[in-house]
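J.: Generate a structure from the sequence data that follows.
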Amino acid sequence: MSILVRLLEQRQNPENPSTSLSQAADWLFAALGGARTLSGVTVSEHSALKFPPFWAAIRVISETIASLPLIVYRRLEPRGKQRARSHPLFRLLHDQPNPEMTAMTFREVLAAQALVWGNAYAEIERDGAGTPIGLWPLLPDRTRPERVQGVKVFFTRLPNGQEILLPPENVLHVPGLGFDGMVGFSVVAMARQAIGLGLAAEEFGSRFFAQGATAKFALEHPKALSDTAFKRIKERFAAEHTGLEQAHRTVILEEGMTLKPYSIPPDDAQFLQTRKFQVTEIARMFRLPPHKIGDMERATFSNVEQQAIDFVVDTIQPWLVRFEMAFRASLFAPDSDFFAEHLVAGLLRGDAAARFATYAQGRQWGLFSINEIRELENMNPIGPEGDVHMVPLNMVAADDLVGGGSMARALPSAGARQIEDRSGMGRHRLVRSFQPLFADAAFKLIARERKEIMKLVKQHLTKRAVPE
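T.: Coordinates of the predicted model:
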C-alpha cells in the first residue's frame with residue numbers, strides 16, 4: 001500500500017477536518033509510520049534511534065550478535081559435530097553473503113532490524129539447482145508476510161514503489177515476539193511512551209540551554225502597553241537574553257516593570273532523574289544490563305563479569321536461537337545433517353586466572369585436549385600429539401584393566417578380545433609409568449637398609465674388622 005493511498009484512506013473521515021504541518025493531526029503521523037505520544041513527541045522507528053539509550057542498546061546487541069563467529073557444522077553419528085568448511089553456506093554465513101556486504105555488516109543489519117521493527121527479512125538468491133548463493137537484506141517497513149490461498153508469501157516494495165511477491169522459500173524471516181507466529185511486534189510500538197518521554201526530556205534540556213539555562217519569566221508593566229512598545233520590549237529582551245551567548249547578562253528594567261518567573265525549575269521537575277530513569281527503562285525493555293549502555297550506578301568491579309555473563313544468557317542467547325532456527329528452516333533441507341551455530345564461548349570467558357583454572361580441571365578429567373585449550377585461547381595447535389585426552393589412572397574402569405569383568409563377559413567374543421587387547425595395553429602402559437617410581441623407591445629402601453646394616457656392624461664388631 002502506497003503512502004498516498006494510506007493518506008487518502010485516513011483523510012476520508014478525519015477527526016479534525018483541518019490540519020497543518022506544524023500541528024499535524026494524529027492520522028497524518030500514523031500514515032507516515034509514527035504516532036504522537038502523551039509527552040507530545042512523535043515516535044517512529046527512525047526517530048526512536050535519535051534517543052541515545054535506545055541507539056546504544058540497538059548497537060551493543062546487534063554488534064555483539066554480528067561479531068560472533070557463525071559456523072556451519074555437519075552432525076556426526078552417534079554424537080558430535082564437525083565444521084563443514086566446504087559447504088556453500090559456510091562462506092555465505094561466515095565470510096560474505098553477497099558481493100556488497102561482509103558477514104558482519106549483513107548480520108548486524110538483520111539484528112538491528114529485528115530489534116527495532118521486531119522482524120528481519122532477507123531475500124535468498126539461488127542458483128539453478130536451488131542452492132543459496134546470496135543473501136540480500138530487505139527493509140522491514142516495506143516487507144510483510146501474508147497468507148494467500150492458505151500459503152504464506154511475502155510482499156516487498158521496491159524503491160520505485162512497485163510491490164512484488166516473493167515465494168517463502170526465497171525469504172529468510174527472523175520474527176521477534178508476536179502472537180500470530182508470523183509477524184513480531186514492533187519494539188518501538190510497544191515502548192513508544194517510554195521512548196517519547198526520553199525524547200521529550202532531551203528536547204526540554206536542549207531548549208532550556210537555548211534560552212540561556214534560565215527559567216521562563218514574565219515582564220510585568222504597571223500600565224497598559226501600546227502595540228509598538230510591546231513589540232519593542234519583546235524584541236529587545238529576545239535579542240539580549242536568548243541563547244547561551246547571552247546567558248548571565250544583566251537585566252535592565254524600565255518604567256517600573258518587574259520580572260517574575262513562572263516555569264518550574266529543572267530541579268523541581270526532576271529533569272536529571274527522569275533522564276536517568278529512562279536509561280534504565282530502555283535497558284529493561286531489552287533485558288539488558290544497564291552498564292552495557294553506560295549506566296554504571298549499580299555496576300562494580302566485582303559483579304561486572306557476572307553481568308557480562310547475564311548479558312549473554314538473558315539478552316543475546318534468545319536472539320541467537322531465533323537466528324539459528326531461521327537459518328535451519330530457510331537455508332538447509334529438512335533432512336540435512338548440516339546446521340549453523342554461533343560460537344559464544346568467547347563471550348563467557350572470565351579473567352585469565354579463572355580460565356586457566358577451568359582448563360586445568362578440564363585437562364585433568366579428560367574434557368579438554370591441549371589443542372582444544374589452545375584453540376579456545378586463539379592459539380595454533382601443536383600437532384597430532386596435542387589431540388590426546390588424558391584421564392586419571394585412579395578413575396580407569398576395573399573391567400577395562402583386567403579384561404574379565406562383567407562388561408567383557410556381556411560382549412561378543414570379538415568385543416571381548418578388543419577389551420582384552422586394550423586391557424593388556426593398559427597394563428603395559430601402567431607398568432611403564434610406574435617403573436621409575438618403583439625403581440626410585442627401591443634405591444631409597446636399599447640405601448636406608450645398607451645404612452642400618454653398617455650401623456649394626458660398627459656396634460658389634462671391632463673397628464679393625466669393619467670394612468672401609
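
J.: Sketch out the low-pLDDT regions of the stretch 301-450 of the chain for me.
T.: 301-305, 346, 349-351, 378, 393-427 (pLDDT under 70).

J.: just the strands in it please.
T.: Taking DSSP state E, counting those that start in this stretch to define them, one finds strands in the stretch 301-450 of the chain at 338-342.

J.: Report the backbone C-alpha coordinates of stretch 157-166 in PDB.
T.: Extracted C-alpha coordinates of stretch 157-166, given in PDB (Å, rounded to 0.1, in the frame of the first residue of the first chain):
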ATOM      1  CA  ARG A 157       8.000  -2.800  -2.100                       C
ATOM      2  CA  LEU A 158      10.900  -1.700  -4.300                       C
ATOM      3  CA  PRO A 159      12.400   1.800  -4.300                       C
ATOM      4  CA  ASN A 160      10.400   2.700  -7.300                       C
ATOM      5  CA  GLY A 161       7.200   2.000  -5.400                       C
ATOM      6  CA  GLN A 162       6.400  -1.300  -7.200                       C
ATOM      7  CA  GLU A 163       5.300  -4.100  -4.900                       C
ATOM      8  CA  ILE A 164       6.400  -7.600  -5.800                       C
ATOM      9  CA  LEU A 165       5.600 -11.100  -4.400                       C
ATOM     10  CA  LEU A 166       8.400 -13.300  -3.100                       C
END
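
J.: And the closest residue in space to H389 that isn't next to it in sequence, its phi and psi?
T.: Nearest non-adjacent residue to H389, counting by CB to CB, 6 or more residues apart in numbering: G366, 4.7 Å away. Quick note: C-beta positions are derived from backbone N, CA and C, even for glycine. When quoted as degrees, to the nearest 10, the phi and psi of G366 stand at phi 80, psi 10.

J.: So what sits opposite the closest residue to Y73 other than its chain neighbours in the bridge?
T.: Residue nearest to Y73 in three dimensions, not counting chain neighbours: K81, with 4.2 Å by CB to CB, 6+ apart. Beta-bridge pairing for K81 (DSSP bridges): R75.

J.: Kindly confirm whether my reading is correct that K81 touches D337.
T.: No. Applying CB atoms under 8 Å as the test, K81 and D337 come out as separate, 9.3 Å apart.

J.: anything in contact with each of those two?
T.: Shared contacts of K81 and D337 (CB atoms under 8 Å, 6 or more residues apart in numbering): 74-75.

J.: and L165, that's in a strand?
T.: Yes. Per DSSP: H, G, I helix; E, B strand; the rest coil, L165 lies within a strand segment.

J.: Pull the contacting residues for it.
T.: 153-155.

J.: what do you get for G256?
T.: Counted by CB under 8 Å, 6+ apart, G256 has contacts 221-222.

J.: mind checking the SS state of it?
T.: G256 - assigned by three-state DSSP - is coil.

J.: just the one 3 residues further on next, same as before
T.: Classification of L259 using three-state DSSP returns strand.

J.: Show the pLDDT at it.
T.: Note on L259: pLDDT of 70.

J.: That one and H221, how far apart?
T.: 11 Å (CB to CB, to the nearest Å).

J.: Could you check which of these two has the larger neighbour count?
T.: Taking neighbours as other CB atoms under 10 Å, L259 and H221 compare with H221 leading, 15 against 11.

J.: domains for this structure, by residue range?
T.: 1-32, 43-212+264-348, 217-262, 406-460 (automatic domain parsing).

J.: so which of those comes closest to G386?
T.: With CB to CB as the criterion, G386 lies closest to domain 43-212+264-348 of these, at 17.6 Å.

J.: So what would you say the end-to-end distance of the closest one is?
T.: 36 Å (CA to CA, to the nearest Å).

J.: Enumerate every residue touching the residue nearest to H389.
T.: Going by CB under 8 Å, 6+ apart, the list of residues near G366 reads 389-391.

J.: Give the rounded mean pLDDT of stretch 228-240.
T.: Per-residue scores along stretch 228-240 average to 75.

J.: Please apply the same query to stretch 45-65.
T.: The model assigns stretch 45-65 a mean pLDDT of 90.

J.: And for G198, the neighbour number?
T.: 27.

J.: Could you look up the SS state of it?
T.: Per three-state DSSP, G198 ends up helix.

J.: Identify the residues contacting it.
T.: Counted by CB under 8 Å, 6+ apart, G198 has contacts 51, 53-54, 275, 278, 281-282.

J.: Filter the residues you listed down to the ones in helices?
T.: 53-54, 275, 278, 281-282 (DSSP state H).

J.: Identify the farthest-apart pair in the residues you listed.
T.: F54 and R275 (12.9 Å).

J.: okay, the two: which has more neighbours?
T.: For the pair F54 and R275, the greater number of neighbours falls to F54 (29 against 17), based on other CB under 10 Å.

J.: ok, the nearest residue to F185 once chain neighbours are set aside to A218 distance?
T.: Among residues not flanking F185 along the chain, G118 sits closest, at 4.9 Å (CB to CB, 6+ apart). Noted for G118: a distance of 47 Å to A218, by CB to CB.

J.: Can you classify F155 by secondary structure?
T.: Strictly by three-state DSSP, F155 counts as strand.

J.: Was I right to think it contacts L166?
T.: Yes. The pair F155 / L166 is scored as a contact, 7.4 Å apart, by CB under 8 Å.

J.: What segments of the stretch 51-200 of the chain are helices?
T.: Assigned by DSSP state H, counting those that start in this stretch, the helices in the stretch 51-200 of the chain fall at 52-67, 88-94, 103-117, 187-190, 192-210.

J.: Need the residues that contact the fourth one.
T.: Contacting residues not belonging to helix 187-190 are listed as 35, 43-45, 48, 115-118, 176, 195, 285 [CB under 8 Å, 6+ apart].

J.: List the buried residues for that helix?
T.: 187-188 (16 or more other CB atoms under 10 Å).
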